[in-house]
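Participant: no sequence for this one, just the structure:
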Ligand SMILES: [Zn+2]
Ligand SMILES: [Zn+2]
């Protein structure tokens, strides 16, 4: 199993408990590395989860923990940074000044309602329908394609080290309520996005949160996307997107078995500051406890 997690939220954004609580659990589970990636502040908006002042405290806290736990575990400082052109991108000054170890780039908002409120598509079915209706005149294909266009723009322009939960737009699409993943247009949108990621050098995360929260039966992204990504040589890693210390490696076994099935033999994790390959299966020479 992957002995690291690089995507986690503490009480500095929408997670529970302190970063220290996560590290104690990570050490108890024998992880080699742990990265914090609370949601970056989104200024001048009603949708931000962290203030700029909160960001300062967060950065100090993670730096303090790096030193405090130096002997026990590698601690990394990151943020999950939204891409909302005009509001926040990976080169917003306070993101650059944060001197992060890596950046997770994410699209949680697609354009905005008439009053300027960004459309967060993950909340409820009602809000999803409202966004499609009011922003895209009821055209689901246009809405979903716009989501993937934003991811491509983010990756092409900013090359975040990690691309978060690639097909998150399907969160509320259980039973293909809104669209079919088999439609030609959907597959084309995803494949085009994978092509952009493949040429960016970014790592695509395999986010297990939807699986262990029973949102969907797979990680984000799902099986066919992973198989395509493997063909294109895109590096991946497992990310629990934990919002509570009990979730720091949840779904990793399932995620790892899915990766092996789709042809992946290794994940990419941070080790002493470098992103390095780590085998998904322990080699015969080294036992898992070594
Ligand atoms: Zn996210
Ligand atoms: Zn997250």
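Facilitator: Okay, I see it. Just so you know, these numbers come straight off a predicted model, no measurement behind them. Numbering: from 1, shown residues only. Ligands and ions are numbered 1, 2, ... in the order given.

Participant: Who are the contact partners of the residue most central in space within the chain?
Facilitator: Among the residues of the chain, residue 164 comes closest to the average C-alpha position under C-alpha atoms, centre = their mean, at 2.7 Å. By C-beta atoms under 8 Å, 6 or more residues apart in numbering, residue 164 lies in contact with 7, 80, 104, 105, 106, 107, 205, 207, 239, 241. (Glycine included, C-beta is placed from N, CA and C.)

Participant: mind checking how far the residue lying closest to it once chain neighbours are set aside is from residue 267?
Facilitator: In space, residue 164 comes closest to residue 106 once its chain neighbours are excluded; the distance is 3.8 Å by C-beta to C-beta, 6 or more residues apart in numbering. In this structure, residue 106 and residue 267 are 19 Å apart, going by C-beta to C-beta, to the nearest Å.

Participant: hmm, back to that, tell me which of the contacts of residue 164 is nearest to residue 138?
Facilitator: Nearest to residue 138 out of the contacts of residue 164 is residue 107 (C-beta to C-beta; 21.2 Å).

Participant: Neighbours of that closest one, how many?
Facilitator: Residue crowding around residue 107 was assessed by other C-beta atoms under 10 Å; the count is 25.

Participant: So for the nearest residue to it once chain neighbours are set aside, what's the pLDDT?
Facilitator: Nearest-residue entry for residue 107: residue 150, 4.9 Å, with adjacent residues in sequence omitted and distances by C-beta to C-beta, 6+ apart. Here, the pLDDT recorded for residue 150 equals 98.

Participant: List, one by one, the residues from this protein near ligand 2.
Facilitator: Taking C-beta under 5 Å from the ion as the measure of proximity, the chain contacts ligand 2 at 80, 241.

Participant: biggest strand in the chain by residues?
Facilitator: Ranked by residue count and defined by DSSP state E, the top strand of the chain is strand 74-82.

Participant: For it, name the packing helices and strands.
Facilitator: Packed against strand 74-82, as judged by 3 or more C-beta pairs under 8 Å, 6 or more residues apart in numbering; DSSP states H and E, are the following elements: strand 33-39, helix 52-68, strand 102-106, strand 266-271.

Participant: Serialize those to a markdown table and add fields for mean pLDDT.
Facilitator: Below are the helices and strands packed on strand 74-82 laid out as a markdown table (pLDDT from 0 to 100):
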| stretch | mean pLDDT |
| --- | --- |
| strand 33-39 | 98 |
| helix 52-68 | 97 |
| strand 102-106 | 98 |
| strand 266-271 | 97 |
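
Participant: in the chain, which ranges drop under the pLDDT threshold?
Facilitator: By pLDDT under 70, the weakly predicted segments of the chain are 282-290.

Participant: For it, just list every one of the helices.
Facilitator: Listed from the start of the chain, the chain has helices (DSSP state H) covering 19-28, 52-68, 93-96, 125-136, 140-158, 184-198, 209-212, 223-231, 252-261.

Participant: Next, format these as CSV and append distance to residue 43 and mean neighbour count.
Facilitator: As requested, the helices of the chain are arranged in CSV below (distance: least, C-beta to C-beta, whole Å; neighbours: other C-beta atoms under 10 Å):
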stretch, distance to residue 43, mean neighbour count
helix 19-28, 23, 19
helix 52-68, 7, 15
helix 93-96, 8, 13
helix 125-136, 22, 16
helix 140-158, 17, 19
helix 184-198, 27, 17
helix 209-212, 26, 21
helix 223-231, 33, 18
helix 252-261, 34, 18
